[in-house]
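> Predicted structure and sequence below. I'll ask about it afterward.
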Amino acid sequence: MSASEDAGTETLGERYAQRWPRARATYERATDSLPGGNTRTQTHVSPFPVYAERGRGARIVLTDGVEVDDFLLNYSASAVGHRHPAVTDAIVAAIERGGPFGIPVPTEVELGERLCERFTGVELVRFTNSGSEATLQAVRAARAFTGRPHIAKAEGGYHGSHDLVDVGVTRFGSVPGEALAETRGMAPGALGGVAVFPYNDLEAALAVLEPRAGELAAVLIEVFLNSAGAIPGEPRFLLGLARWCAEHEVLLILDEIASWRTGYRGAGVEHHALRGDLICLGKALGGGFPIGAVGGRADVMAVFDPRRAGSARVRHAGTFNGHPVAMAAGLPVLAALDEPAIERMNTLGRRLAEGAREIGRDRDLPLTATNYGGIGRLHNARERPASARVALALAREPRVDIYRGLLERGVLIAPDGRFSVCTASSDAQVDRFLAALDEVAPLALGSGGV
């Protein structure tokens with residue numbers, strides 16, 4: 001009998017395949033029009049995904065008619081939950097006003113003002129349609145401002161899907177600083193424009209950065225490795241990178257697309273006294289609509305100023321930049337994510353991670369969890385991984401079985417173990433999550449562990 005079997009019953013995988021017949025039918029239909037039935041790689045799960053019908057707060061109803069606690073929350077982007085009343089009202093009002101118009105709307109100005117007031121170090125801001133676009137524009141701004149051609153990023157750091165940053169996320173080189181592409185089809189020469197350094201190892205990172213200091217425009221960093229395992233950055237590592245950047249006139253770009261919801265003025269400032277030259281925002285900011293933003297020092301952001309001569313500015317076009325609906329949604333999102341709300345989410349996230357670790361210890365299972373505020377991840381290991389290389393080397397199937405078993409018990413997380421909470425999440429939901437995990441973990445991981 002395999003580790004994921006319950007004596008005398010079907011495996012979690014077999015039960016999953018039979019449990020969701022409407023999802024199976026929808027997926028089979030999807031394969032006729034979408035490659036692999038999919039339009040977002042990370043939502044693929046074998047043998048098929050479940051589908052959402054509707055949602056409110058921290059609960060969603062699946063197409064098979066089952067209502068579940070949502071701890072996926074669009075990979076932490078739904079920080080105020082589904083159909084938040086103030087956000088919904090703002091969205092409906094924006095739709096009724098019409099647009100987009102091809103000319104700006106006042107809410108673009110108002111949201112820009114709110115971001116500059118709230119986030120330390122943001123003196124000017126530009127809106128994009130996604131976090132990927134935000135990091136793309138931040139990198140362009142850094143190169144234009146410094147006149148240097150290259151950037152550096154950390155192993156395991158996911159900063160979007162454009163060529164220069166989609167390296168070293170899950171594939172790591174054997175030579176220090178080597179960048180490996182995450183996907184086929186990348187532009188020739190793209191890998192030569194980026195150096196990749198270990199996360200949470202300051203000495204190893206500086207050994208990569210130091211020889212290239214004169215050609216680096218920016219270092220792009222997250223305060224926690226979101227996609228690679230919710231691994232918090234160590235203060236010595238983060239602050240050491242910031243000091244090195246300042247000494248070498250290399251811009252520090254903080255990717256806070258996910259993490260800003262964990263600190264009122266930005267996670268870097270709130271948790272580490274870390275201030276970037278540029279900061280990238282996104283995900284939760286749009287209240288469910290596509291959005292991104294890059295902001296920072298006025299002298300750096302001035303490269304986007306259209307009043308400059310063409311050769312002196314960075315061209316930043318985009319039909320949906322500053323989309324009226326996303327701008328309108330962002331205002332109530334910022335209001336809802338006030339300091340008490342953020343602290344409550346962070347507390348719930350810590351309780352989830354601590355509860356998962358306790359289950360692993362009490363049941364003698366290879367189960368642990370990491371978290372950064374209200375964002376976390378389950379790991380099939382006895383010790384919390386400190387690096388992307390360790391986290392991503394763990395076997396995937398046990399985590400998928402945990403996902404399947406939790407879903408059967410009314411709890412939705414990501415197939416890779418990621419979870420998050422929102423302003424609508426409750427203590428009772430956390431209790432249900434942990435109770436379900438206590439049942440599922442022995443089935444997915446085996447009574448004796450590995």
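Great, that's in hand.
> and residue 273, how many neighbours?
Residue 273 has 12 neighbouring residues, counting by other Cβ atoms under 10 Å. Glycine gets a C-beta too; all of them are placed from N, C-alpha and C.
> Then residue 147?
Per other Cβ under 10 Å, the neighbour tally for residue 147 reads 7.
> With adjacent residues omitted, what lies nearest to it?
For residue 147, ignoring the flanking residues on the chain, the nearest one in space by Cβ to Cβ, 6 or more residues apart in numbering is residue 217 at 7.9 Å.
> same check, this time on residue 434
In space, and not counting its chain neighbours, residue 434 is closest to residue 355: 4.2 Å by Cβ to Cβ, 6+ apart.
> Can you report phi and psi for the one you found?
phi -60, psi -40 (degrees, to the nearest 10).
> show me the contacts for it.
By Cβ atoms under 8 Å, 6 or more residues apart in numbering, the contact list for residue 355 reads 430, 433-434, 437.
> State the distance from it to residue 321.
Distance of residue 355 to residue 321, computed by Cβ to Cβ, to the nearest Å: 42 Å.
> what does residue 295 give?
According to Cβ to Cβ, residue 295 and residue 321 sit 14 Å apart.
> again with residue 62
34 Å.
> With residue 288 instead?
Counting by Cβ to Cβ, the separation of residue 288 from residue 321 is 18 Å.
> Neighbour count: these two, which is higher?
residue 288 (22 against 19).
> phi, psi of that one?
Torsion angles, degrees, to the nearest 10, at residue 288: phi 110, psi -10.
> Ok, residue 142 next?
Here is the backbone geometry of residue 142 (degrees, to the nearest 10): phi -60, psi -40.
> Which residue is the nearest non-sequential neighbour of it?
In space, and not counting its chain neighbours, residue 142 is closest to residue 218: 3.7 Å by Cβ to Cβ, 6+ apart.
> what about the one you found, neighbour count?
Residue 218: 26 surrounding residues under other Cβ under 10 Å.
> can you check the one 10 residues further on too?
The burial metric for residue 228, expressed as a neighbour count using other Cβ under 10 Å, is 25.
> in terms of contact, does it touch residue 169 like I think?
Yes. Proximity of residue 228 to residue 169 meets the contact threshold set by Cβ atoms under 8 Å, at 7.0 Å.
> Mind listing the shared neighbours of those two?
In contact with both residue 228 and residue 169: 156-158, 388, using Cβ under 8 Å, 6+ apart.
> just checking, which of those belong to helices?
residue 388 (DSSP state H).
> which of the shared contacts of residue 228 and residue 169 tops the neighbour count?
When neighbours are taken as other Cβ under 10 Å, the top entry among the shared contacts of residue 228 and residue 169 is residue 156 (27 neighbours).
> Spit out the contact partners of residue 270.
The contact partners of residue 270, by Cβ under 8 Å, 6+ apart, come to 262-264.
> can we see that at 6 Å?
Shown in contact with residue 270 (Cβ atoms under 6 Å, 6 or more residues apart in numbering): residue 263.
> Does it lie in a helix or a strand, and which?
Element membership for residue 270, per DSSP states H and E: helix 267-272.
> Heading C-terminal from that helix, find the next helix or strand.
Counting by DSSP H and E, the next helix or strand C-terminal to helix 267-272 is strand 278-282.
> what helices or strands is the very next helix or strand once past that following strand leaning on?
Remark: after strand 278-282, the chain's next helix or strand is strand 292-296, criterion DSSP H and E. The helices and strands touching strand 292-296, judged by 3 or more Cβ pairs under 6 Å, 6 or more residues apart in numbering; DSSP states H and E, are strand 124-128, helix 131-146, strand 278-282.
> quick one, phi/psi of the residue nearest to residue 383 when sequence neighbours are not counted?
Nearest residue to residue 383, sequence neighbours excluded (Cβ to Cβ, 6+ apart): residue 368, at 6.6 Å. Per-residue torsions, residue 368: phi -150, psi -180 (degrees, to the nearest 10).
> Quick one: residues contacting residue 368.
Residue 368 is in contact with 357, 360, 379, 381, 384, counting by Cβ under 6 Å, 6+ apart.
> So what pairs up with it in the strands?
On the basis of DSSP bridges, residue 368 is bridged to residue 379.
> Roughly how far does it sit from residue 225?
Distance of residue 368 to residue 225, given as Cβ to Cβ: 15 Å.
> For residue 266, give its distance to residue 280.
Counting by Cβ to Cβ - residue 266 and residue 280 are separated by 11 Å.
> Neighbours of residue 86, how many?
For residue 86, the count of nearby residues is 15 (other Cβ under 10 Å).
> hang on, the earlier thing: and residue 266 and residue 280? Which one has more around it.
Using other Cβ under 10 Å, the more surrounded residue of residue 266 and residue 280 is residue 280, with 30 against 25.
> Does the more buried one touch residue 255 like I think?
Yes. Between residue 280 and residue 255 a contact is recorded at 5.0 Å, counting by Cβ atoms under 6 Å.
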